[in-house]
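Colleague: from the sequence below, what's the structure:
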Amino acid sequence: METLDPIDALMLTAELLSSPMHVAAVLIMSPPKGVKSQAFVDDQYERSLTAGDRIDPRLRRRPYRGVDTGGMWVWRDVDDLDLRHHLQRRTLPRGSGTPALWELISELHAERLDRSAPLWMAYTIDGLKAGRFALYLKVHHILIDGVAGLQLIADSLSTDPAQRSMPPFYTAPVPQDPPAPTRSGRLPNPLSAVRGIAGTAAAGLNLARHVVAGELANIVGGLISPSVAPPFGAPHTRFNTKLGPHRAVAATSLDRKRIRAVQQAAGVTGNDVVTAVVSGVVRAWLADQDELPRQSLVAICPVTVRDRDSAASDELGNQFGLGLCPLGTNIDDVGQRLSLIHHAMDNVKHQVAAQGPGATLVVLMPAIGPTVLLPQLPLTSWVPPSYNLPISNVPGPPEQMYFNGARVDEIYPVSVVYDGMALNVTVCSYADRIGVGYVADRDVVADIDELIPLTEAALTELEAAVGVV
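Modeller: Next up is the predicted model:
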């Protein structure tokens, strides 16, 4: 009986009280040249239902809790997976544009996943202009984190436009040869159990030491540096509220060369540039609503501990740390804002590397808990939140990709929103583009499409600030 990781079990329990906790990706594709779009999509959808390939183990299991498990959440494998439940088809009116696509995805993203089955769904959506179609894949956060989810998709694609007979994305990778057995015939060493217990205790002490160090670093750093966000150091905004049942989704993409040019001119990372773009977007939008706080907004940023090559099918669950990053939305000078974000993210990465992802999660739990729980209670406006929105950066395939000859034109992330964080921004790199995905509570950000032109404007401001033409 394999129990769920405590963080994953907490996600499941929290979902019962509030919003769904799944993440998603959208692939927009063009059919192969010389092939009718309708026929191609029909064929690929039917093939996905009847492929008969071995399903990835992450997509064959579901969480379960009952009397027989002592009330604990455990994993149970599902052998008779019903693909017609998980793979569905939607058709937009012929010639629809991307606004119609995002409207449909907003509706699909608001729907909860069925806990009686493995927690994932995939929708093939056709009817877009020029014969294009989309794949919307959503997976519960306890199954796969963002990096592993993009890797799952990337592994099902090819850089060869001529390749055919490719298996669906849910197919398990070809198993490698098992490792050679160690010395056989030996009795188990009874001291190994003692060493295991001692190792667990040492790990617990080590975690406690890192937690204390992390808490002190955040408190002291928040007192002496504006690049360190202390707990409960964010202003109240409309994002820090209880969510309704509806979602709004929008996305755009930026030229990767423009991001790299700003990065090189300013001596920062590409992630710093993208975070500064998002900071500019949120700052401008709140100013348009006449709601820009004098105090800087704060983002909560996941920092993955996966290598790009390690997001394999045998690595289940989530592997990331968390950190708080002040966005400098109270700073008029765009260059200074970028410098602040650079130093803040450098500090977050250092803490995750030094203390480990587990310790950073524990350190931030007292800050995360009140931020997401207090909006559900009345008369709590006197308690400041610790952050205002999540900003994530997920690496996608670095090259142009294809699936059975269909060209993958764009890849966009669609993440999760929750009580206390009604806006989520997730960024995904793909080939020569950077996809920026916005998801929000529809009642909080009804005009989410307005964020798209603000994204272009924010990047243009950064280019001017660092002298990039």
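Colleague: helices of the stretch 301-450 of the chain, start to end?
Modeller: Secondary structure of the stretch 301-450 of the chain, counting by DSSP state H, counting those that start in this stretch: helices at 334-355, 357-373.
Colleague: among those, which gets the worst mean confidence?
Modeller: Out of the helices of the stretch 301-450 of the chain, helix 357-373 stands lowest, with a mean of 61 (criterion: mean pLDDT).
Colleague: pull up the distance across stretch 438-455, start to finish.
Modeller: Start and end residues of stretch 438-455 are separated by 11 Å (Cα to Cα, to the nearest Å).
Colleague: and the contacts of it?
Modeller: The contact list for stretch 438-455 (Cβ atoms under 8 Å, 6 or more residues apart in numbering) reads 99, 106, 109, 238-239, 241, 243-244, 246-252, 254, 277, 280-281, 284-285, 288, 414-417, 422-426, 436. No exception for glycine: its C-beta is placed from N, CA and C like everyone else's.
Colleague: starting at the chain centroid, how far to it?
Modeller: 18 Å (Cα atoms, centre = their mean, to the nearest Å).
Colleague: ok, the residue nearest in space to the middle of the chain - contacts?
Modeller: Closest to where the C-alpha atoms of the chain average out (Cα atoms, centre = their mean) is Gly146, at 4.1 Å. For Gly146, the contact set (Cβ under 8 Å, 6+ apart) comprises 23, 302, 304, 392, 394, 413, 415, 426.
Colleague: let's have those in CSV, adding distance to His86.
Modeller: Formatted as CSV, these follow (distance: Cβ to Cβ, whole Å):
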residue, distance to His86
Val23, 16
Pro302, 26
Thr304, 26
Ser392, 25
Val394, 22
Pro413, 20
Ser415, 20
Thr426, 23
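Colleague: these in strands, which ones?
Modeller: The strands, defined by DSSP state E, take in 23, 302, 304, 392, 394, 413, 426 from the contacts of Gly146.
Colleague: quick one: residues contacting the first one.
Modeller: Val23 makes contacts with 138-141, 144-146, 149, 413-416, 426, as judged by Cβ under 8 Å, 6+ apart.
Colleague: state the pLDDT value of it.
Modeller: 92.
Colleague: quick check: it vs Thr252, distance?
Modeller: The spacing between Val23 and Thr252, counted by Cβ to Cβ, to the nearest Å, is 19 Å.
Colleague: centre of the chain to stretch 335-343, how far?
Modeller: On the basis of Cα atoms, centre = their mean, stretch 335-343 sits 23 Å off its chain's mean C-alpha point.
Colleague: what residues of that stretch count as buried?
Modeller: In terms of neighbour count (16 or more other Cβ atoms under 10 Å), stretch 335-343 has its buried residues at 335, 337-343.
Colleague: mind putting those in CSV, distance to Gly467 included?
Modeller: What follows is the buried residues of stretch 335-343, written out as CSV (distance: Cβ to Cβ, whole Å):
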residue, distance to Gly467
Gly335, 10
Arg337, 16
Leu338, 12
Ser339, 14
Leu340, 19
Ile341, 18
His342, 17
His343, 20
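Colleague: from those, pick the one nearest Ile7.
Modeller: Ile341 (26.5 Å; Cβ to Cβ).
Colleague: please list all residues in contact with the closest one.
Modeller: Neighbour list for Ile341: 268, 272, 275-276, 279, 325-328 [criterion: Cβ under 8 Å, 6+ apart].
Colleague: output these as JSON lines; include the columns pLDDT and neighbour count.
Modeller: JSON lines is the format used below for those (pLDDT from 0 to 100; neighbours: other Cβ atoms under 10 Å):
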{"residue": "Val268", "pLDDT": "97", "neighbour count": "21"}
{"residue": "Asp272", "pLDDT": "97", "neighbour count": "25"}
{"residue": "Thr275", "pLDDT": "97", "neighbour count": "27"}
{"residue": "Ala276", "pLDDT": "98", "neighbour count": "29"}
{"residue": "Ser279", "pLDDT": "98", "neighbour count": "28"}
{"residue": "Cys325", "pLDDT": "94", "neighbour count": "26"}
{"residue": "Pro326", "pLDDT": "96", "neighbour count": "28"}
{"residue": "Leu327", "pLDDT": "97", "neighbour count": "27"}
{"residue": "Gly328", "pLDDT": "97", "neighbour count": "25"}
